[in-house]
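In: here you go, sequence then predicted model.
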Amino acid sequence: MNNTNRREFLKLTGLAGLGIAGTGLLGSCATASHQASLDQIQQQAKKSHNQRFNMSGYRAPKIDKVRIGFVGLGMRGPGAVNRMSKIENVEIKALCDLIPERAEKMKKKLQEASSIHNPTLYSGKEDSWKEMFNRDDLDLIYITTPWQLHAPQALYAMEHGKHVACEVRVATTLEECWQLVETSERTKKHCMMLENCCYDFFEMLTLNMARQGFFGDIIHGEGAYIHQLVDLNFSKEGYQDMWRLKHNMTRNGNLYPTHGLGPICQIMNINRGDVMDYLVSVQSNDFHMYEEAKKLAAKDSFYNEFTKDTYRGNMNTTTIRTKKGKTLMIQHDVTSPRPYSRIHLVSGTKGMARKYPEAKIATGHQGWLKPEEFKALEAQYTPDIVKKIGEMAKKIGGHGGMDFMMDWRLIDSLRNRLPLDQDVYDAASWTSVGLLSEWSVANRSNSIDVPDFTAGSWTKNKPVDISLKEGGSTTVRS
């Protein structure tokens, strides 16, 4: 590969800043940097802190009209702006993206749909978002940028008096996880990771069933992110600067654990009655990404830079044990030719549920319930939030409605001075599983402790009430 093509590649993927400039993308410099990162994971996993203020169950001051600034208008941002624009008592005051055309396009769409929103635009510079965050008339910053920007932007927002709603994953290092926890406690600003799968319909149903004791004591849970993304990851027109491919080239572990993990953690009351204790993680070799690079290189020399030892493996399996002796299994595979699955399996002393390949529930030793029995349970245990907003969520959309349900619940909680379903301890601990898995994979699947970001308060923290006994007053524009 000539030097011009190499410079183009390093600039496009952002790998030049990672020290990956030796012979091959994982040369000696990168290897040393990677080992230093693994050492830091181990050090940060042993860290503890004195809790300044307990954000679990925290009721922030009521906000009648929630004024929002959005940063990142690529893959996820436009959908979030559209959904929020449908909620009453929301004002979209600012939009930010590195590329001016994206911000301008989003503002035009907003104004074509309604005269309510007239956002100020921020774009054109790497740090345009800081100018937006410095405003004193924003209550909430909604972050949908590439992963490496999530923690820096969330920290800056909280330091400048804003609540934060951040796309998954919320951080790329354990140190950032700790910084988010400590900053949220000090500023008393929410830092919610936008784990939308917690608001999918079957996940909400099984959460309500678990809260009412249907499954008995929860013994085990399983979740996953099995989603074939090879074409999108290798596309130059996909993720901005091919940032997601960069992570798949430099991180060997469960890169994206929270879609499967979050709903199971809520059902198990993790951080609110129990806490993750330690994990082990095992990874297969890569069987697809290098082959894809070779195929693409036959037509485009850009892809000749990719070497056989560049990629993370296909399948990662991470198992976790909690302090109370329960177990979780979380998988990640974005390259194998498998149907999409998040598994979502809940196993208790009285029954179990599983979502994929089709939603089923079993009780006792009688096997899977018949369809009519399942429908009867669904009618009995459908939570109030789904009864209230579920059909509207399906119409407005966002992964079948779960995105809108998440956004509506966030706004309703801020407007009614309610605790958030997902707090900063959830954001940090769920994200940390992926980071800790990297250390375990690199160390022959040895176990590593999961930090207790709650500083022991998990023993007294209470699960968030999802019954809508409080709140529920937020309306949706027709």
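Out: Nice, I can see it. Numbering: from 1, shown residues only.
In: quick check: buried residues in whichever strand or helix holds Ala154?
Out: In this assignment (DSSP states H and E), Ala154 forms part of helix 147-159. Residues 147-158 are the ones in helix 147-159 that count as buried (16 or more other C-beta atoms under 10 Å). Just so you know, the C-beta spots here come from the backbone N, C-alpha and C atoms, and that holds for glycine as well.
In: of those, closest to Ser336?
Out: Nearest to Ser336 out of the buried residues of helix 147-159 is Trp147 (C-beta to C-beta; 22.1 Å).
In: which ones are touching that closest one?
Out: 169, 172, 243-244, 247 (C-beta atoms under 8 Å, 6 or more residues apart in numbering).
In: so which of these belong to helices?
Out: Secondary structure assignment (DSSP state H) places 243-244, 247 from the contacts of Trp147 within helices.
In: would you reformat these as JSON lines and include neighbour count?
Out: Shown next, in JSON lines, are the ones in helices among the contacts of Trp147 (neighbours: other C-beta atoms under 10 Å):
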{"residue": "Trp243", "neighbour count": "19"}
{"residue": "Arg244", "neighbour count": "21"}
{"residue": "His247", "neighbour count": "20"}
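In: CSV for those residues, including pLDDT?
Out: Output for the ones in helices among the contacts of Trp147, formatted as CSV (pLDDT from 0 to 100):
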residue, pLDDT
Trp243, 82
Arg244, 85
His247, 84
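In: start and end of stretch 196-214, how far apart?
Out: Across stretch 196-214, the terminal residues are separated by 24 Å (C-alpha to C-alpha, to the nearest Å).
In: same check on stretch 336-353?
Out: 25 Å.
In: can you point out the buried residues in that stretch?
Out: Those would be 341-348, 351-353, for stretch 336-353 by 16+ other C-beta under 10 Å.
In: which of those residues fall in strands?
Out: 345-348, 351-353 (DSSP state E).
In: tell me which two of those residues sit farthest apart.
Out: With C-beta to C-beta as the measure, no two of these lie farther apart than Leu345 and Gly351, at 11.9 Å.
In: gap between the residue positioned nearest the centre of the chain and Ala157?
Out: For the chain, the residue sitting closest to the mean C-alpha position, by C-alpha atoms, centre = their mean, is Val168 at 2.3 Å. Val168 sits at a distance of 17 Å from Ala157 (criterion: C-beta to C-beta, to the nearest Å).
In: what domains does the record give for the chain?
Out: Using automatic domain parsing, the domain parsing of the chain gives 66-194, 198-391+414-459.
In: Throw those into a markdown table and include distance to Asp39, thanks.
Out: Below are these laid out as a markdown table (distance: least, C-beta to C-beta, whole Å):
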| stretch | distance to Asp39 |
| --- | --- |
| domain 66-194 | 11 |
| domain 198-391+414-459 | 9 |
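In: which of these sits closest to Met406?
Out: Of all the domains of the chain, domain 198-391+414-459 comes closest under C-beta to C-beta, at 4.4 Å.
In: gap between the two ends of that closest one?
Out: First residue to last in domain 198-391+414-459 (C-alpha to C-alpha) measures 23 Å.
In: now that domain, how far from the chain's geometric center?
Out: 10 Å (C-alpha atoms, centre = their mean, to the nearest Å).
In: Leu436 in helix, strand or coil?
Out: Secondary structure, DSSP: H, G, I helix; E, B strand; the rest coil: Leu436 is helix.
In: quick one: low-confidence ranges for the chain?
Out: Along the chain, the model assigns pLDDT under 70 to residues 1-33, 305-310.
In: the strands in it, which residues?
Out: 66-71, 90-97, 120-123, 140-143, 163-166, 191-193, 218-226, 276-283, 316-322, 327-333, 345-348, 351-354, 360-363, 448-449.
In: let's have those strands in a markdown table, adding distance to Tyr199.
Out: A markdown table is the format used below for these (distance: least, C-beta to C-beta, whole Å):
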| stretch | distance to Tyr199 |
| --- | --- |
| strand 66-71 | 18 |
| strand 90-97 | 17 |
| strand 120-123 | 29 |
| strand 140-143 | 16 |
| strand 163-166 | 13 |
| strand 191-193 | 12 |
| strand 218-226 | 15 |
| strand 276-283 | 22 |
| strand 316-322 | 22 |
| strand 327-333 | 19 |
| strand 345-348 | 16 |
| strand 351-354 | 17 |
| strand 360-363 | 19 |
| strand 448-449 | 30 |
